[in-house]
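> need a structure here:
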Amino acid sequence: MSTKSLHNALRKKLFGALLLLSTISIAVSAIAQQTNVQSGPSNLSAKLINIESATNEPFRFSVTLRNGTASARLYELKADLPMGWQVSYKIEGSQVTSVNMEAGKTQEIAVEITATSTAAARKYIIPFKATSATQTLSLQLEAVVKGNYGSTISTASGRLSEEVTSGAHKDIELEVRNTGTLPLSELEITSQLPAGWEASFEPSKIAKLEGGKKITVKASLKVPDKTIAGDYAATFNLSGNNASGQAAFRIFVKTSVLSGWIGIFVVLIAIAAVYVLIRKYGRR
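Purely as a prediction, here's the structure:
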């Protein structure tokens, strides 16, 4: 074989070897990239693990679940709660109890925890788990109960019925009470009354009412003239920041004494007129 032919053969073998090495390098790089995506650590994390709320407001956590394995996994969701507490899990607005995760994927989970109304004001540790056939991922959430909100509106005696004369007004003492442990603010009382009736309140607004405290509000109820005697419904509503309540009154409207005498007088006049007509024309 000539020297030129030998050089050409060596050149072809060298080119083939370089091409093979290049192909292997690209394949190895692709496999490495795929492995890096899929084999990252599986974990649970949360943007905030400590949330403070009242007992009648839910604790809302945003949890991120990552499947770092090389295959799909079905994770069951579970939270260890104090007695009587409730939990729900949502993904994109839909309620779930488990989530099917593709390899290397992450998923945001909305965890909503509701305490009982009697929960003591303190910090509660809530263990949260995502469990598959081969993995158990854990995260400790902290729910800090700061107290509770509660409010009522009624009277001191609890009596919700009154009498009022047509065309007159009636003063009713309402009792607004903060039955919770946290302060209430921006309280206001409004009314739902029969047509033509009016009501005013003193004070008309309550800026703040501390937990366990109460305040008396005078409601002045005005009934229009010529209101027909009978039973009527009047409702007083309490509203404000974290406050609500309702007092439904039965109002009995009676006619005035003067109106009664006027009615009797009109009847007597009518009887007298009939008598006169009978005497005058009855002889014919």
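> The stretch 151-284 of the chain: helices as residue ranges?
Assigned by DSSP state H, counting those that start in this stretch, the stretch 151-284 of the chain shows helices spanning 257-281.
> what residue ranges in it are flagged as low confidence?
Low-confidence segments of the stretch 151-284 of the chain, defined by pLDDT under 70, span residues 256-268, 270, 272-277, 279-284.
> Break this protein down into its structural domains.
In the assignment given by automatic domain parsing, the structural domains of the chain cover 43-145, 151-255.
> Let's have those domains in CSV, adding mean neighbour count.
Quick note: C-beta positions are derived from backbone N, CA and C, even for glycine. What follows is the domains of the chain, written out as CSV (neighbours: other CB atoms under 10 Å):
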stretch, mean neighbour count
domain 43-145, 16
domain 151-255, 16
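> what about the ones you listed, which gets the closest to Ile269?
Distances from Ile269 to each of the domains of the chain were compared using CB to CB; the minimum, 18.7 Å, belongs to domain 151-255.
> which residue is nearest the middle of the protein?
Residue closest to the average C-alpha location in the chain (CA atoms, centre = their mean): Glu57, at 6.6 Å.
> How about the contacts made by that one?
Taking CB atoms under 8 Å, 6 or more residues apart in numbering as the criterion, Glu57 is in contact with Tyr149.
> Could you report the pLDDT at Gly104?
According to the predicted model, the pLDDT of Gly104 comes to 92.
> Could you confirm it falls within a strand?
No: when DSSP: H, G, I helix; E, B strand; the rest coil is applied, Gly104 is found to be coil, with no strand at that position.
> Hmm, Ser71 and it touching each other?
No: because the distance of 9.8 Å does not satisfy CB atoms under 8 Å, Gly104 is recorded as not touching Ser71.
> any common contacting residues for these two?
Common neighbours of Gly104 and Ser71 (criterion: CB under 8 Å, 6+ apart): none identified.
> now the stretch 1-150 of the chain, which segments are flagged as low pLDDT?
Scanning the stretch 1-150 of the chain residue by residue, the ranges that satisfy pLDDT under 70 are 1-40.
> residue boundaries of the helices in it?
In the stretch 1-150 of the chain, the helices defined using DSSP H, counting those that start in this stretch lie at 3-38.
> Any idea what the residue nearest to Lys170 when sequence neighbours are not counted is bridged to?
Closest residue in space to Lys170, ignoring its immediate chain neighbours: Val164 at 4.1 Å, by CB to CB, 6 or more residues apart in numbering. As for beta bridges, Val164 partners with Val253 under DSSP bridges.
> surely Val164 meets Ile251?
Yes: assessed by CB under 8 Å, Val164 is found in contact with Ile251 at 6.1 Å.
> okay, and the common contacts of the two?
In the contact map built from CB under 8 Å, 6+ apart, the residues linked to both Val164 and Ile251 are Lys170, Leu221, Val223.
> Good, we can wrap up now.
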